[in-house]
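[1] Quick one, fold the following:
(2 chains)
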Number of protein chains: 2
Amino acid sequence: MNKAKIRTAIEPTRADNYPEWYQSVLKAADLAEHSSVRGCMVIKPWGYSLWENIQRVLDAKFKETGHQNAYFPLFIPLSFLEKEAQHIEGFAKECAVVTHHRLEKGADGKLVPAGELEEPLVVRPTSEMIIGHSFSKWVESYRDLPLLINQWANIVRWEMRTRMFLRTTEFLWQEGHTAHATAEEAETETMRMLEVYANFCHDYLAIPVIRGEKTPTERFPGAVATYTIEAMMQDRKALQAGTSHFLGQNFSHSCNISFTNEEGEREFAWTTSWGTTTRLIGAMIMTHSDDDGLVLPPKIASGHLVLIPVIHQEERKAAVLSYCEALAAELRRVPFDGQPLKVIVDARDLRSGEKNWHWIKKGIPLRLEIGEREMQANQMALARRDRPHKEKMTLAKEGLSQHIPQLLQEIQDALLVKATEFRNQHTVPIDTFDDFKQFFSSDDTGGFALCHWNEDPAHELRVKEEFNVTIRCIPLQGESGPGRCIFTGEPSPRRVIFAKAY
Amino acid sequence: MNKAKIRTAIEPTRADNYPEWYQSVLKAADLAEHSSVRGCMVIKPWGYSLWENIQRVLDAKFKETGHQNAYFPLFIPLSFLEKEAQHIEGFAKECAVVTHHRLEKGADGKLVPAGELEEPLVVRPTSEMIIGHSFSKWVESYRDLPLLINQWANIVRWEMRTRMFLRTTEFLWQEGHTAHATAEEAETETMRMLEVYANFCHDYLAIPVIRGEKTPTERFPGAVATYTIEAMMQDRKALQAGTSHFLGQNFSHSCNISFTNEEGEREFAWTTSWGTTTRLIGAMIMTHSDDDGLVLPPKIASGHLVLIPVIHQEERKAAVLSYCEALAAELRRVPFDGQPLKVIVDARDLRSGEKNWHWIKKGIPLRLEIGEREMQANQMALARRDRPHKEKMTLAKEGLSQHIPQLLQEIQDALLVKATEFRNQHTVPIDTFDDFKQFFSSDDTGGFALCHWNEDPAHELRVKEEFNVTIRCIPLQGESGPGRCIFTGEPSPRRVIFAKAY
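    Got it, this is the predicted structure:
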């Protein structure tokens, strides 16, 4: 090994090969692995706890905004999907289809599918049609509205190219589905939930996002308007971190969700849907991690602090371990962000260097080494995951239960600042097609290109084919003022964001 | 309506028609409904929150006992299932099989399945084989053991006859899967989790259960031993409320879960699995509910207390409502069983009689009517769901935040006492086959029959066919001493429990 290589725990580095770096970070942190089922992943405990933390926070926010959880069938009869032409067209190419309901021994003794279903069932790629069918029974009068429902579930979309957490055949998500008496109320709901998502990314995942509307080309199949939050990864590609759809009356027509209004007339309801997925974990990894492995925002981290006992003499082992366990027990009673601190004591028979690297790669925010010296001095040497691994700070044991939560909050804030600076640095107004081509010409350039565009989908198609660049969104905030389309010179009311994307 | 009919809110009553009473209770409480997908149900918010409460408590208990959550694929390749002959035989008749991965327009313009898979995928009926495959990669050395994993997931078993919460094609569950270095450790784990389930039923669902072992006939396909907790419903039928399986080395052989022991030799691991499902909700309903509808144990209830504003003069409405809202806000800060009280203010424009019956049918433990009189007297009239609906107690507003949690605990305890008395009353030692036949001869008799049996499965088969009675379990506790088999007169070491079952 040459000296340059010794410096990072992950190979290749981000600069060397970003996609492979991502896979290596996942593996080194033991977050997930490929399964033997094509395109499906196994989410391992350290990765799954990130999802549990995301669920806990988002679920509380959904409930605070008046939503209730429910559960709807995994299977959708084919005939249901056909009711909404645009919708089914968007999903037909990637549906897992159940056609049989038992297995039977074939002629060669091998099991084969048997008991063919009269109507094939599609494993839900999204639940608008099946939930819409329930809504049509639940909504009778204006008094039943708004109907505000959320579901935590697994989803299947038969993706051809998959990447763990970012795009898998099966993934976990939540899907909100709501029905309202007026278009205005449904639009307000659509924007409210976009805001919940944006704030969650900002406050918990430490990911700055741009709120915007998708162009018609990029809309959810069947939606009137799709809103999105877009984040920038460290390779300057965009990642769609959540979407919220105003469905107008499209789905209430196809599912027959109608109600009697205050005047006694029958009207169709206005509906919305909105979702975030285990993809958020991929976004978090790609926003914060470095060439030493995973870096986790403390508010969502699977663990907050690891205590590493340093044992020089075997006969003192029990004393050091019990000191660590007592300290851990004390710290586990300390709250951070309303939850008890998650403290790990790494008592394995390994050298402390090895343990340190283990936890660096797993992204734990704080590491505390404790040996005889620290016990006697009542002082601890503490290392932060967001700082160089050799940088240590000395803390008195006395004030630890105040300092640990403060430090975690500092790390949380620092990650957001760093990610925001990076994003801002690579968000560039671009005024000519030549500059645009230059911007997206290599992997070392690129980012968010703020460009004027004449709203013609032909140009979207062209830059997608030529440069693999799409319009990520028409930003809702930070009005850019009018200008000239970079493709045609025609007038344009505002800049939109072009980028390569996951 | 005749006078007798006016007395109950649910029709038919338990005595009239128990299965229909059950469906009516579900409907009146708005817990769930049939979906348009054969055998699948929609779990509505009031029902789903019961599952959320069950999940919260059980999940904490799994973590306390050292387990971690993870997530594994929904689909199992057919070849995986074939590796364990007994296992696949147990599930082959009820598997949903995915055979295609997209939809295409057929000759008549209708969508048909396309893109046939090379190997069919089975929607998981349980996950031993898919999790076992992961375990085979995760376990290398004795240091990797024990491996203690749990998964919260949806499961599909193509059931021919379904009943909401009790037996549905898709259901929600948790499945624990663990691997150990020795048979003893795996057996200890099997019994530990049975105990977690039994205590949970007892302490939270207020359901007394009998811990026991299943006979070989009733074992989980592929298990060495299956342990169960059995509860008695109000129609005196048994309901299996959870199972814990000692799998020996059967699955570690078929999935190749092996490890290097401390002596450097390769050994197969010893595994367990254990599960509870949304069926627990059915058990809770059938144990506690009455002819007025749902009765919920407070520790798992979707709501604890409803405040019903009583408005006699329209101009005082705002004052009464804001008094109720203020009181609700105050009570929502009071903890019960470590969680904030769930308080509902029913401000709908309905008569208070109607509101009372609404909440009686939904099983809310406490109802508080508040009008001008109560406001002025600082006294509240409170009704308990487990007492006759006209019985009211007067409470000073002053001590409400102490009294409400006390009353909830009293209701919780009273439900358990009542259910235990009922169960004990209908648990009868039976010593002759004539008495056995008599006991199970009609719907007005029956219960748990404690009988001696010579361990011959032929008798199990016979009573199953003739009386629809099965051996629920060989109890682990309450040793009955030896006796004579009721079928043959042969010596038997202990009594087992015969019953009709869900």
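[2] Show me what counts as buried in the longest strand seen in chain A.
    Ranked by residue count, the top strand of chain A under DSSP state E comes out as strand A:111-123. By 16 or more other Cβ atoms under 10 Å in any protein chain shown, the buried positions in strand A:111-123 come out as A:111, A:113-115, A:117, A:120-123. C-beta coordinates here come from the backbone N, C-alpha and C atoms, glycine included.
[3] Of these, which is the nearest to chain B?
    residue A:113 (4.3 Å; Cβ to the nearest Cβ).
[4] related to what we said a few turns ago, what subset of the buried residues of strand A:111-123 is also close to chain B?
    Among the buried residues of strand A:111-123, the residues within reach of chain B (Cβ under 8 Å from any Cβ of the partner chain) are A:111, A:113, A:115, A:120-123.
[5] a markdown table please, covering these and showing pLDDT and distance to residue A:381.
    Listed next are these as a markdown table, based on pLDDT from 0 to 100; distance: Cβ to Cβ, whole Å:
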| residue | pLDDT | distance to residue A:381 |
| --- | --- | --- |
| A:111 | 92 | 60 |
| A:113 | 96 | 61 |
| A:115 | 96 | 65 |
| A:120 | 96 | 62 |
| A:121 | 97 | 59 |
| A:122 | 97 | 57 |
| A:123 | 97 | 52 |
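[6] Need the max-distance pair from these.
    By the measure Cβ to Cβ, A:111 and A:122 form the most distant pair in these, at 23.2 Å.
[7] Partner strands of the helix or strand hosting residue A:172, with direction?
    Applying DSSP states H and E as the criterion places residue A:172 in strand A:170-180. Strand A:170-180 sits in its sheet next to strand A:147-156 (antiparallel), strand A:270-277 (antiparallel), going by DSSP bridges.
[8] Report the beta-bridge partners for residue A:113.
    Here residue A:113, judged by DSSP bridges, has bridge partners residue A:103.
[9] Let me see the contact set for it.
    A:99-100, A:102-104, B:97, B:99, B:120 (Cβ atoms under 8 Å, 6 or more residues apart in numbering or on different chains).
[10] Go again with 6 Å.
    Listed by Cβ atoms under 6 Å, 6 or more residues apart in numbering or on different chains, the contact set of residue A:113 reads A:100, B:97, B:99, B:120.
[11] Pull up the residues of the stretch 151-300 of chain A that are close to chain B.
    Listed as neighbours of chain B in the stretch 151-300 of chain A under the rule Cβ under 6 Å from any Cβ of the partner chain: A:154, A:158, A:170.
[12] with these in mind, which one is nearest to residue B:330?
    For these, the nearest to residue B:330 is residue A:154 (40.2 Å; Cβ to Cβ).
[13] how close does the closest one sit to residue B:151?
    11 Å (Cβ to Cβ, to the nearest Å).
[14] Looking at these two, which is more packed in?
    When residue A:154 and residue B:151 are compared for neighbours, residue B:151 comes out ahead with 20 against 17, by other Cβ atoms under 10 Å in any protein chain shown.
[15] Count residues in the vicinity of the nearest residue in space to that one that is not next to it in sequence, would you?
    Excluding the flanking residues, the one nearest residue B:151 by Cβ to Cβ, 6 or more residues apart in numbering or on different chains is residue B:175, at 5.4 Å. A count of neighbours around residue B:175, defined by other Cβ under 10 Å, yields 21.
[16] Model confidence score at residue B:175, please.
    Residue B:175 carries a pLDDT value of 98.
[17] same thing with residue A:6?
    For residue A:6, the predicted pLDDT is 57.
[18] Distance-wise, check residue A:251 relative to chain B.
    Residue A:251 sits 16 Å away from chain B, going by Cβ to the nearest Cβ, to the nearest Å.
[19] got the contact list for that residue?
    A:128, A:132, A:271.
[20] Quick check: residue A:277 touching residue A:168?
    No: look at residue A:277 against residue A:168 with Cβ atoms under 6 Å: they stay out of range, at 9.4 Å.
[21] Domain-wise, how is chain A divided?
    A:18-288, A:305-413, A:427-499 (automatic domain parsing).
[22] just how off-centre is the first one within its chain?
    Between the centre of domain A:18-288 and the centre of its host chain there is 12 Å, according to Cα atoms, centre = their mean, to the nearest Å.
[23] how far does it stretch from start to finish?
    13 Å (Cα to Cα, to the nearest Å).
[24] Can you name the two of the contacts of residue A:113 that sit furthest apart?
    Most distant of those, by Cβ to Cβ, are A:100 and B:120, 7.8 Å apart.
[25] shared neighbours, the two?
    Shared contacts of residue A:100 and residue B:120, counting by Cβ under 6 Å, 6+ apart, come down to A:113, B:97.
[26] Skip ahead from the longest helix anywhere in chain A and say which helix or strand is next.
    If you go by DSSP state H, chain A has its longest helix at helix A:400-425. Where DSSP H and E defines the elements, the next helix or strand beyond helix A:400-425 is strand A:427-429.
[27] Neighbouring strands - and their directions - for that following strand?
    The strands beside strand A:427-429 in its sheet (DSSP bridges) come out as strand A:448-452 (parallel).
[28] For the partner strand, C-alpha coordinates in PDB please.
    The C-alpha coordinates for strand A:448-452 follow below in PDB (Å, rounded to 0.1, in the frame of the first residue of the first chain):
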ATOM      1  CA  PHE A 448     -27.700  22.600 -11.200                       C
ATOM      2  CA  ALA A 449     -27.900  24.800 -14.300                       C
ATOM      3  CA  LEU A 450     -30.400  27.600 -13.900                       C
ATOM      4  CA  CYS A 451     -31.600  28.300 -17.400                       C
ATOM      5  CA  HIS A 452     -34.400  30.000 -19.200                       C
END
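[29] Great, nothing more from me.
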